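Enquirer: Following is a predicted model, sequence given first.
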Amino acid sequence: MLVNQGAYDAISKIYETFAVTSKSRYVYVYDIENNMARWSENAVNYFGLPGEFVYKADQVWEAHIHPEDRATYREHLHTAFEGNRVNPSFEYRARNKSGEYVACSCRGVVIKDYSGKAAFYACSLMNKGIVDNTDPITGLSNHYEMFNYMHRLEFDGVNYILLLVNVIDFGDINRLYGYMFGNRMLKSMADYLQKEAGEKAHIYRGDGTILGLCTVHMTLDEVKNLYQQMRQHVRQNMKVGTTKVSAELGGGVIVVDESGIDVHAVYTSAKYALAHSKTEKHGNLIIFHNNELEYNKSTIELVGAVRESVIDHCKGFYLNYQPILAKNDGKLAGAEVLLRWNRQPYGDVAPSEFVPWLEQDSTFYKLGIWILDKAMKDGLAILKDHPEFYLSINLAYVQLERSEFRTSIVELLKGNRYPGTALCIELSNVTSNINFDYLKSQVIFLKSCGIRIALDVTDFSTLDLATRLPINIIKLAPEITENISKSPLSRYMAEAITGFAANMNMSVCATGVGDADTELRLFKYPVDHYQGYYYSRPVSFEEFKKLQVYNTK
């Protein structure tokens, strides 16, 4: 794009005058006529802008603003450019280069030309997430400050160790004693960790009720010993005020001894280790270190690459579709949407290798929105040929629990003009430590939009959720169907689960149907739909429309 030298000179003079008064804030000057802006270097680095001078500046910056705030943002600028009074400290959310939305406070002035027309907009932008870096409950610095510290270590090439700890079920503490007690307990745990670590480590409040320790002075063995001491303390010696309380601790630790590893990938990996410790290892510490261990650096690098793909407009991700067939006539009824990722040098990577990790990351929600949006756009084309067709999309609880989820799903349905009745949300991996009442309220909301709800059932324990949630479809998991021809237990479970669903007026979709024998054996049960490799492997959208079942009317 060609911009005359006069525009460069004008915007630079205003910028330099303006910037010296705002050393602790991001600053920018916007040339309205040329649609060009100059941003301070710290803003370029933090938000991942293309450079200090940004062309098509309105489009570039608006893409960083939270979708819910864009209309208000446009109205604010329009009012200011018209010369009318506006809120002197306007607030909105902006996305940084890691895909996280941070609250920003914007103070701007309009500079007019000789004719009185708005020519430049000079603005000081305060990142409230960085300014408010102290957690009020524990008195610790928050995880944004931890990221800043880790960034400095990474930049200086300093090796470090990150430990994350959390009570295995902090929700139990809050339910038994109340949230105020839970806050006091978290403060007590933070004080203990800070006291025992001393000057050897920095202690932080992570997201949720996680506590983090970042150290360059402790060895891995010292960190392991500290964790074991804290675990015993929380289990046996914990007192909050006059109340003695016992809880189980979980922990994940990562040793960062190589350069070039994204700090957000490090944190995500440590969170995954913590979650694995809590759910699978009964609180035993999970360690990431060298390649000979179960969890290694190559995995962390993969997580970092996947994160970057999400931030980069989900580049490298694509969707596959596996048909769902009606039992009564064998015709196409729907399709399950399956995520895929391909990016060099990794090639095709199965979702099982990165989704459980990414669920711990702030970018996971953005990826879920992309999946829904892309699937709806593809689904509209299918609905023209199959009006009764529906898409089945898997969502995790961490996506459903986001406060903006309801707004997001409604905007996607409206924006794509996609009927809610042609969408099914699958619930899977729902654990006992979730807020069940909140999950139920989200399910009821989705159903009010016409959306069907499916539940993946692998055993009788997961079936219990179907008695507590308004479920439309039971998905009989491959763990049951794949063994139905040789395992009496699988046949008994199929009979019991499908019988339960029929009595509860729920439909059943048998997944994992791999051959004719499995299909034949399932015919004797009240199953409504079939899905599996026997009919088709997951295929691209273009290949899906070429399938025989798609073109059979």
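Expert: Received it, and whenever you're ready, just let me know what you need.

Enquirer: Write down the beta-bridge partners of residue 347, one by one.
Expert: residue 343 (DSSP bridges).

Enquirer: residue ranges with poor pLDDT in the stretch 51-200 of the chain?
Expert: Filtered on pLDDT under 70, the stretch 51-200 of the chain yields the residue ranges 86-89, 129-132.

Enquirer: Which parts of it are strands?
Expert: Ranges of strands within the stretch 51-200 of the chain are 53-55, 90-95, 101-112, 118-127, 141-142, 160-167, based on DSSP state E, counting those that start in this stretch.

Enquirer: Could you export those strands to JSON lines, including columns for distance to residue 32 and mean neighbour count?
Expert: Using the backbone N, CA and C atoms, a C-beta is placed for each residue, glycine as well. Shown next, in JSON lines, are the strands of the stretch 51-200 of the chain (distance: least, CB to CB, whole Å; neighbours: other CB atoms under 10 Å):
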{"stretch": "strand 53-55", "distance to residue 32": "13", "mean neighbour count": "18"}
{"stretch": "strand 90-95", "distance to residue 32": "17", "mean neighbour count": "19"}
{"stretch": "strand 101-112", "distance to residue 32": "9", "mean neighbour count": "17"}
{"stretch": "strand 118-127", "distance to residue 32": "6", "mean neighbour count": "20"}
{"stretch": "strand 141-142", "distance to residue 32": "37", "mean neighbour count": "19"}
{"stretch": "strand 160-167", "distance to residue 32": "45", "mean neighbour count": "25"}
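
Enquirer: Just send those strands back as TSV, with distance to residue 529 too.
Expert: Formatted as TSV, the strands of the stretch 51-200 of the chain follow (distance: least, CB to CB, whole Å):
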stretch	distance to residue 529
strand 53-55	51
strand 90-95	39
strand 101-112	38
strand 118-127	49
strand 141-142	47
strand 160-167	40
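
Enquirer: I'd like to know which of those strands is closest to residue 154.
Expert: Proximity to residue 154 (CB to CB) singles out strand 160-167 among these, at 8.5 Å.

Enquirer: in its sheet, what does that closest one sit against?
Expert: Assessed with DSSP bridges, strand 160-167 is paired to strand 211-215 (antiparallel), strand 249-256 (antiparallel).

Enquirer: weakest of the ones you listed in terms of mean pLDDT?
Expert: Of all those, mean pLDDT reaches its minimum on strand 249-256 (a mean of 90).

Enquirer: Just the residues contacting that strand, thanks.
Expert: Strand 249-256 is touched from outside by 153-154, 159-168, 220, 223-224, 227, 230-231, 234-235, 266, 269-278, 281, 283, 285-289, 300, with contacts defined as CB atoms under 8 Å, 6 or more residues apart in numbering.

Enquirer: Any buried residues in stretch 529-543, and which?
Expert: 529-532, 534-536, 538-539, 541 (16 or more other CB atoms under 10 Å).

Enquirer: circling back: can you tell me which of the contacts of strand 249-256 are buried?
Expert: Applying 16+ other CB under 10 Å to the contacts of strand 249-256 flags 153-154, 160-168, 223-224, 227, 230-231, 234, 266, 269-278, 283, 285-289, 300 as buried.

Enquirer: Just to be sure, which of those are found in helices?
Expert: Members of these lying in helices (criterion: DSSP state H): 153-154, 223-224, 227, 230-231, 266, 269-278, 300.

Enquirer: now the helix or strand where residue 307 lies against strand 249-256, angle please.
Expert: For residue 307, the host element (DSSP states H and E) is helix 297-311. Here helix 297-311 runs at an angle of 90 degrees relative to strand 249-256 (axes from the mean of the first three to the mean of the last three CA atoms, to 10 degrees).

Enquirer: How about the contacts made by the residue nearest in space to the middle of the chain?
Expert: Within the chain, the residue whose C-alpha comes closest to the C-alpha centroid is residue 364; the distance, by CA atoms, centre = their mean, is 2.3 Å. When contacts are counted by CB under 8 Å, 6+ apart, residue 364 is found next to 310, 358, 396, 398-399.

Enquirer: In strands only, show me those.
Expert: Among these, DSSP state E puts none in strands.

Enquirer: Buried residues, the longest helix along the chain. List them.
Expert: Ranked by residue count under DSSP H, the longest helix found in the chain is helix 364-385. Buried residues in helix 364-385, defined by neighbour count with 16+ other CB under 10 Å: 364-376, 378-379, 382-383.

Enquirer: Take that helix, keep the C-alpha atoms, and write them as CSV.
Expert: Taking Å, rounded to 0.1, in the frame of the first residue of the first chain, the C-alpha atoms of helix 364-385 are listed here in CSV:
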residue,chain,number,x,y,z
PHE,A,364,-9.2,-24.2,23.4
TYR,A,365,-12.4,-22.2,23.5
LYS,A,366,-11.4,-20.3,20.4
LEU,A,367,-10.8,-23.7,18.6
GLY,A,368,-14.2,-24.9,19.7
ILE,A,369,-15.9,-21.8,18.2
TRP,A,370,-14.0,-22.4,15.0
ILE,A,371,-15.2,-26.0,14.8
LEU,A,372,-18.8,-25.0,15.3
ASP,A,373,-18.6,-22.2,12.8
LYS,A,374,-16.9,-24.3,10.1
ALA,A,375,-19.2,-27.3,10.6
MET,A,376,-22.4,-25.1,10.4
LYS,A,377,-21.2,-23.6,7.1
ASP,A,378,-20.6,-27.1,5.7
GLY,A,379,-23.8,-28.4,7.2
LEU,A,380,-25.9,-25.8,5.4
ALA,A,381,-24.9,-27.2,2.1
ILE,A,382,-25.8,-30.7,3.2
LEU,A,383,-29.2,-29.6,4.5
LYS,A,384,-30.1,-28.6,0.9
ASP,A,385,-29.8,-32.3,-0.1
